[in-house]
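J.: this one's structure only:
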């Protein structure tokens, strides 16, 4: 199964990263992971579990699972896990024994203050681990597995990049279908319904919460941010910006497009909108030009942000870009300003094979928002656009 | 919207429970909650959030949200939250101010060693809270909000019970369609595919992980537990047990049915299977008879378990019943044995308006598994079956 090929690749990669960062053992724990599971589980486990479970991934390539008896065959079926021990009454003794056998000098747990995708350990499960291991010498060598979970997620394999390309291709098809269908007089709700119907047609899911994917911003009065569609309608002379992505074969896309509704007699957009769009386009290109291995996230953000600032546009209140992959917001290094809410993430260095969104925009009084978002993969010397970037307003009418 | 009516009901109920357990403030925090969100959020928040967010629910009925600016309209759109403060750079100062204004003598956080559904706080977010509040006097009055989250989830409102009834009704339709369609020579995979096609037809989701919902157990050689379908085929003279449920309008069902494939010349199941089925049926009824407000979970489990033990059947290695609702495994009090893996949960007292599954079974050599699961709601003096319980083997052929 293709699914398991990714789990096998990621398990191998995890051991390599453990060696790179000098952690002997990555201990992932979970229970009822359908409802609340460590975000690393889809990458390195490949199934959900019901009862308290432990997944031990060693630096030397060995890995062992300890799960409730009812989950044993479930985990074996992944094909990626062969050493699977079942328990009936308690996870504790088997976990203690497995750790004593391995004698790790350091144990990484999945917690992180900065990267939510590396923060899969609940506080209750942390207390459970303390109960099981607190009296052993191994509790003193517990540390954060953040660098492991973050790098594992960020460094996309060829197969992961291929799946993301496919998600983007479907998104581009839906963009084209939507542009074909758009006309003045449609409510944000109708536009959302249309795009949802295309998701259903292609049997793919929305990239994020169905309620606000797409996020539809029609004209100058649309509410800002992550918000469901309103009854505001598209009008000639107004802009329409849409933030949208799909989840296909477990991988995501995340793009924004800006449309202009021609007024009677117009054959192109007014000069002020062409100019405004040009600023957003230039900001995207400036960010893309700055994006390459070895630079920090905030430097890329600044390159794009400055273009808006020089033009005198309203401040962009978000990061210029985030990683994208299994989750639409894939965590880790962010192309963002040095704000507290991003923690250390803007200071991290860009690496090859990471995938980022590039997104920015601003409102034009009385018209709506000009806003773009493109998806790129970092290459050895720069980055490559994974979608055909929007270089001019899409004209409707 | 119906969705929000539940959020409003649950917010009101949360304040009542805070008063009941003597906690002044329930503080729910989250970020990227599409990927990993506190399981209480669908009940009391009603949307997902992207940036670090805090939801303050007070004993006196007041509630306030502090979220990234991009989530403000999103949270306002729930209709349930009206006091929503946006921040750009950091959650910390606004959270500190909001808590200082309320001066709570106790703050409940969403963590629990025993109930995964009350354990929505990640360890990384716990450390973030410590960073924001650790130097204030309020950090000393932090406690577990487990009793609040558990009771809130367990005490179903009339609307929640109605939604569960509807999910069960759809499940019963699919059981009937499946029974009609079943024949010897079908693989577990084909049966799973058929039931998935019925889920798609009714536009409902599987109650748990799509891969092993349904869990199909054909004949005596099917792997045990939560496991995806194999290539084993149904045969005359064999049993077929299926564990299946739907998620409809955000609420779940969870049922098991046992089928027997008649052999040439048979018009009824062999006596040994009729007898075995009778034992499982008797165990379900014994459990249902023991289930009423004020008894402990383990007493109900024991009443059912003893019926199997007296018959000499193999031990049932799971709890006899779990709560069901927004999640299929809805956490909290469990009708289970006093095993470490269930923690304190079997010792909790049953309450009116809780919804439980009742499930038990065992293998019959050479035949397969006789296994049942029914869904019940606790009433003032006992319990009521929400589905039409299976009282005899379903004969196919």
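T.: All right, it came through fine. Not measured: the values here are computed from a predicted model.

J.: can you give me the strands for the stretch 151-300 of chain A?
T.: In the stretch 151-300 of chain A, the strands defined using DSSP state E, counting those that start in this stretch lie at A:205-206, A:215-218, A:239-244, A:246-248, A:251-252, A:255-261.

J.: need those in CSV (columns: mean neighbour count and distance to chain B).
T.: The way it works is simple: take the backbone N, C-alpha and C, and place the C-beta from them, glycine included. Shown next, in CSV, are the strands of the stretch 151-300 of chain A (neighbours: other Cβ atoms under 10 Å in any protein chain shown; distance: least, Cβ to the nearest Cβ, whole Å):
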stretch, mean neighbour count, distance to chain B
strand A:205-206, 18, 10
strand A:215-218, 26, 9
strand A:239-244, 25, 11
strand A:246-248, 23, 10
strand A:251-252, 27, 11
strand A:255-261, 25, 13
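
J.: distance to residue A:65 for those - can I get that in CSV?
T.: Listed next are the strands of the stretch 151-300 of chain A as CSV, based on distance: least, Cβ to Cβ, whole Å:
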stretch, distance to residue A:65
strand A:205-206, 28
strand A:215-218, 39
strand A:239-244, 37
strand A:246-248, 26
strand A:251-252, 24
strand A:255-261, 37
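
J.: my guess is residue A:212 contacts residue A:226, does it?
T.: Yes: counting by Cβ atoms under 8 Å, residue A:226 is a contact partner of residue A:212 at 5.1 Å.

J.: stretch A:343-353: end-to-end distance?
T.: 23 Å (Cα to Cα, to the nearest Å).

J.: that stretch and chain B, are they touching?
T.: No: figure legend: stretch A:343-353 not in contact with chain B (Cβ under 8 Å from any Cβ of the partner chain); closest approach 8.9 Å.

J.: hmm, who's touching that stretch?
T.: Applying Cβ atoms under 8 Å, 6 or more residues apart in numbering or on different chains, the contact partners of stretch A:343-353 are A:113-115, A:151, A:154-157, A:161, A:291-298, A:300-301, A:319, A:332-339, A:377-380.

J.: chain center to it: distance?
T.: 14 Å (Cα atoms, centre = their mean, to the nearest Å).

J.: you'd agree residue A:374 is in a strand?
T.: Yes: the assignment for residue A:374 is a strand, going by DSSP: H, G, I helix; E, B strand; the rest coil.

J.: quick one: pLDDT of it?
T.: On pLDDT, residue A:374 comes in at 98.

J.: how about the one 10 residues further on?
T.: Listed pLDDT for residue A:384 reads 98.

J.: quick one, what contacts it?
T.: Taking Cβ under 8 Å, 6+ apart as the criterion, residue A:384 is in contact with A:376-377.

J.: now it: which helix or strand?
T.: Assessed by DSSP states H and E, residue A:384 sits inside strand A:383-385.

J.: paired strands for that strand, with orientation please.
T.: Strand A:383-385 has its sheet partners listed here by DSSP bridges as strand A:368-378 (antiparallel).

J.: chain center to the strand it pairs with, what's the gap?
T.: Put simply, strand A:368-378 sits 15 Å off its chain's centre (Cα atoms, centre = their mean).

J.: hmm, back to that, out of the contacts of stretch A:343-353, which are buried?
T.: The neighbour count (16 or more other Cβ atoms under 10 Å in any protein chain shown) marks A:113-115, A:151, A:154-156, A:161, A:291-293, A:296-298, A:300-301, A:319, A:332-339, A:377-378 as buried among the contacts of stretch A:343-353.

J.: in TSV: the strands of the stretch 151-300 of chain A, plus mean pLDDT.
T.: Listed next are those as TSV, based on pLDDT from 0 to 100:
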stretch	mean pLDDT
strand A:205-206	96
strand A:215-218	96
strand A:239-244	98
strand A:246-248	97
strand A:251-252	96
strand A:255-261	98
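
J.: nearest to residue B:244, of the ones you listed?
T.: Checking those against residue B:244 by Cβ to Cβ gives strand A:205-206 as the closest, at 21.8 Å.

J.: who does that closest one pair with, and is each partner parallel or antiparallel?
T.: strand A:246-248 (antiparallel).

J.: check what contacts the partner strand and list those residues.
T.: Residues outside strand A:246-248 that contact it (Cβ under 8 Å, 6+ apart): A:163, A:166-167, A:170-171, A:174, A:199, A:202, A:204-207, A:252-253, A:328.

J.: mind checking which of those are buried?
T.: By neighbour count, with 16+ other Cβ under 10 Å, the contacts of strand A:246-248 hold A:163, A:166-167, A:170-171, A:174, A:199, A:204-207, A:252-253, A:328 as buried.

J.: narrow those to those in helices?
T.: Among these, DSSP state H puts A:163, A:166-167, A:170-171, A:174, A:199 in helices.

J.: so which of these comes closest to residue A:268?
T.: Distances from residue A:268 to these, taken by Cβ to Cβ, are shortest for residue A:174, at 25.2 Å.

J.: picking that back up, redo the ones in helices among the buried ones among the contacts of strand A:246-248 as JSON lines? Include pLDDT and distance to residue A:247.
T.: Formatted as JSON lines, those follow (pLDDT from 0 to 100; distance: Cβ to Cβ, whole Å):
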{"residue": "A:163", "pLDDT": "96", "distance to residue A:247": "10"}
{"residue": "A:166", "pLDDT": "98", "distance to residue A:247": "11"}
{"residue": "A:167", "pLDDT": "98", "distance to residue A:247": "7"}
{"residue": "A:170", "pLDDT": "98", "distance to residue A:247": "10"}
{"residue": "A:171", "pLDDT": "98", "distance to residue A:247": "10"}
{"residue": "A:174", "pLDDT": "98", "distance to residue A:247": "13"}
{"residue": "A:199", "pLDDT": "97", "distance to residue A:247": "9"}
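
J.: can you pull the residues of the stretch 251-397 of chain A lying near chain B?
T.: Counting by Cβ under 8 Å from any Cβ, the residues of the stretch 251-397 of chain A close to chain B are A:317-318, A:327-329, A:331, A:339-341.

J.: pull out the buried members of those residues.
T.: When those are checked for burial by 16+ other Cβ under 10 Å, the buried set is A:318, A:327-329, A:331, A:339, A:341.

J.: which helix or strand in chain A has the lowest average pLDDT?
T.: Ranking every helix and strand in chain A by mean pLDDT, DSSP states H and E puts helix A:2-21 at the bottom, with a mean of 89.
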